[in-house]
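Student: fold the stuff below for me.
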Amino acid sequence: LYGGLREMMRVTAPGGHIVILDAFPVSGLVKLLLKVWLNYIVPPLASCFIERKPYEYLAASIQSTVSSAEVAQMLQQLGCESVQQQSYSFGAAVRIVARKPS
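Tutor: Predicted coordinates:
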């Protein structure tokens, strides 16, 4: 992950922005609801139309990734400025915007 963020930083023009919109693990009741949704509702529903396996992978991927706060911290360590986070869907999706210094 850190290598990918470093590459994003490398190819971004000075003064440009890095924007990440992704699913991140959540906590509390939302974590339980998301786990039920991703593990017990989406895969069987998807299997009515397409293969189930990609949706099982998606659930495992979201639940095992680092938090949005950790990604924001990595961007700051790489030298990004004005790192901001905006949560959507009770934190299940987060937009991270960071500026590369001029």
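Student: CA atoms of stretch 85-100 as PDB?
Tutor: The C-alpha trace of stretch 85-100 is given here as PDB (Å, rounded to 0.1, in the frame of the first residue of the first chain):
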ATOM      1  CA  GLN A  85     -11.100  12.900   4.900                       C
ATOM      2  CA  GLN A  86     -14.800  12.800   4.200                       C
ATOM      3  CA  SER A  87     -16.800   9.800   5.300                       C
ATOM      4  CA  TYR A  88     -19.800   8.400   3.500                       C
ATOM      5  CA  SER A  89     -22.300   5.700   4.500                       C
ATOM      6  CA  PHE A  90     -21.400   5.800   8.200                       C
ATOM      7  CA  GLY A  91     -17.700   5.500   7.400                       C
ATOM      8  CA  ALA A  92     -17.900   2.500   5.100                       C
ATOM      9  CA  ALA A  93     -16.600   4.600   2.300                       C
ATOM     10  CA  VAL A  94     -14.100   7.500   2.700                       C
ATOM     11  CA  ARG A  95     -12.800  10.100   0.300                       C
ATOM     12  CA  ILE A  96      -9.200  11.200   1.100                       C
ATOM     13  CA  VAL A  97      -7.800  14.300  -0.600                       C
ATOM     14  CA  ALA A  98      -4.200  15.300  -0.200                       C
ATOM     15  CA  ARG A  99      -2.200  18.000  -1.900                       C
ATOM     16  CA  LYS A 100       1.400  17.600  -3.100                       C
END
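Student: which parts of it are buried?
Tutor: Q85, G91, A92, A93, V94, I96, V97, A98, R99, K100 (16 or more other C-beta atoms under 10 Å). To be clear about C-beta, it is placed using only N, CA and C from the backbone, and glycine gets the same treatment.
Student: tell me how far the nearest residue to H17 once chain neighbours are set aside lies from M9.
Tutor: Closest residue to H17 apart from its sequence neighbours, by C-beta to C-beta, 6 or more residues apart in numbering: R99 at 5.5 Å. Distance, R99 to M9, by C-beta to C-beta, to the nearest Å: 11 Å.
Student: thank you, goodbye.
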